[in-house]
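>>> Turn this into a model:
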Amino acid sequence: MEHLTFPEVEALPRTTPVLIPLGSVEEHGPHLPLATDVYTIYAVAKKAAEKTPILVAPPLYYGLCRSTADHPGTLSLRGLTLRALVLDLLQAFRKQGFQRFMLLSGHAGGTHMAFILDAAEEFLTSFPGVSIAVASIIDLLKQGPGELVETPNDSHAGEWETALIQYLYPEQVKGLAEEAYPQFPPLKVVRDKRAYWPSGVWGDPAKASPEKGKLLLERLAEQVVKLALSLGKEESQ
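I've put the predicted structure just below:
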């Protein structure tokens, strides 16, 4: 969208799905860039827009990062800030007449996604006639592409994220990190989060490859296309 002029936006059908990519500035192990969550979901969004008409909004780099809050480089929003920002963006697009929306996040933290979903719920209630979908990149993986991932429970800076960045931004991959997983105590909220997750890796980066990243990107984009097409079904019933 940032490359369009205002007459070009004005000419778009208002039934064109608006996709807002959401990410985070967050540690991704010693080998991946802090903007990994933005890079991955934005690339998926643009690939999907090559396959079907989608207006891809400029990405939101910042999100709510709880488990990685103590790692250098992680910059987190408060949940209410994230919720307000997402709601403001949705309302701004609705003011311009758009009706269908996708909030897709490359950052899949549970608290982060909960505030995004809460904003979507309020928007849906406040504006009859709109349709909206909310998903993290892990949600999209679970719809099919996840079968390409060999590492069970791979989640953060591991196999699939490393593979995507190896394909999209190979110059930003600083070697490979060792397989690792967080060791947070069950139920307890801890202060020194880095002590329970020192490497910031959740999975096995060694199983990644650029070839796998390319295939994952394609398959993830296919899931986004399916989601975009589903937004109009409710209106036609």
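>>> Return the set of buried residues in the longest helix along the chain.
Longest helix in the chain, counting residues (DSSP state H): helix 210-230. Residues of helix 210-230 classed as buried by neighbour count (16 or more other CB atoms under 10 Å): 210, 212-213, 216-217, 219-225, 227-228. Just so you know, the C-beta spots here come from the backbone N, C-alpha and C atoms, and that holds for glycine as well.
>>> next one: stretch 7-17
Those would be 12, 16, 17, for stretch 7-17 by 16+ other CB under 10 Å.
>>> list the helices and strands the longest helix of the chain packs on?
helix 36-49, strand 100-105, strand 131-136, helix 137-142, helix 159-168 (3 or more CB pairs under 8 Å, 6 or more residues apart in numbering; DSSP states H and E).
>>> For this structure, give me the ranges with low pLDDT.
For the chain, residues meeting the criterion pLDDT under 70 lie at 234-237.
>>> Show me which of the buried residues of helix 210-230 is closest to residue 129.
residue 228 (17.4 Å; CB to CB).
>>> Setting aside sequence neighbours, what's the nearest residue to the closest one?
Residue nearest to residue 228 in three dimensions, not counting chain neighbours: residue 17, with 4.5 Å by CB to CB, 6 or more residues apart in numbering.
>>> I'd like to know how far the one you found sits from residue 41.
Look at residue 17 and residue 41: by CB to CB, to the nearest Å, they are 15 Å apart.
>>> and the angle from the helix or strand hosting residue 118 to strand 131-136?
Following DSSP states H and E, one finds residue 118 within helix 110-126. With axes from the mean of the first three to the mean of the last three CA atoms, to 10 degrees as the basis, helix 110-126 and strand 131-136 are set at 180 degrees to each other.
>>> ok, and what's touching helix 110-126?
Residues from elsewhere that reach helix 110-126 (CB atoms under 8 Å, 6 or more residues apart in numbering): 22, 24, 63-66, 79-80, 82-84, 86-87, 90-91, 94, 101, 103, 105, 130, 132, 134, 136.
>>> Would you mind listing the buried residues in that helix?
112, 113, 115, 116, 117, 118, 119, 120, 123.
>>> got it, and stretch 162-173?
Going by neighbour count (16+ other CB under 10 Å), the buried part of stretch 162-173 is 162, 163, 164, 165, 166, 167, 168, 169, 173.
>>> same thing with stretch 192-208?
The neighbour-count check on stretch 192-208 (16+ other CB under 10 Å) flags 193, 194, 197, 199, 200, 201, 202, 203, 204, 205, 207, 208 as buried.
>>> can you dump the C-alpha coordinates of that stretch into PDB?
What follows is stretch 192-208, C-alpha atoms only, in PDB (Å, rounded to 0.1, in the frame of the first residue of the first chain):
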ATOM      1  CA  ASP A 192      14.200 -12.800  35.300                       C
ATOM      2  CA  LYS A 193      12.700 -14.400  32.200                       C
ATOM      3  CA  ARG A 194      16.100 -14.700  30.500                       C
ATOM      4  CA  ALA A 195      17.300 -17.000  33.200                       C
ATOM      5  CA  TYR A 196      14.700 -19.600  32.100                       C
ATOM      6  CA  TRP A 197      15.300 -19.100  28.400                       C
ATOM      7  CA  PRO A 198      19.000 -17.900  27.900                       C
ATOM      8  CA  SER A 199      19.400 -18.600  24.200                       C
ATOM      9  CA  GLY A 200      16.000 -17.300  23.100                       C
ATOM     10  CA  VAL A 201      15.600 -20.300  20.800                       C
ATOM     11  CA  TRP A 202      12.600 -22.600  20.800                       C
ATOM     12  CA  GLY A 203      13.300 -25.400  18.300                       C
ATOM     13  CA  ASP A 204      16.100 -26.600  16.100                       C
ATOM     14  CA  PRO A 205      17.600 -24.100  13.700                       C
ATOM     15  CA  ALA A 206      19.900 -26.800  12.300                       C
ATOM     16  CA  LYS A 207      17.000 -28.400  10.400                       C
ATOM     17  CA  ALA A 208      16.300 -25.200   8.500                       C
END
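>>> Sweet, I'm off.
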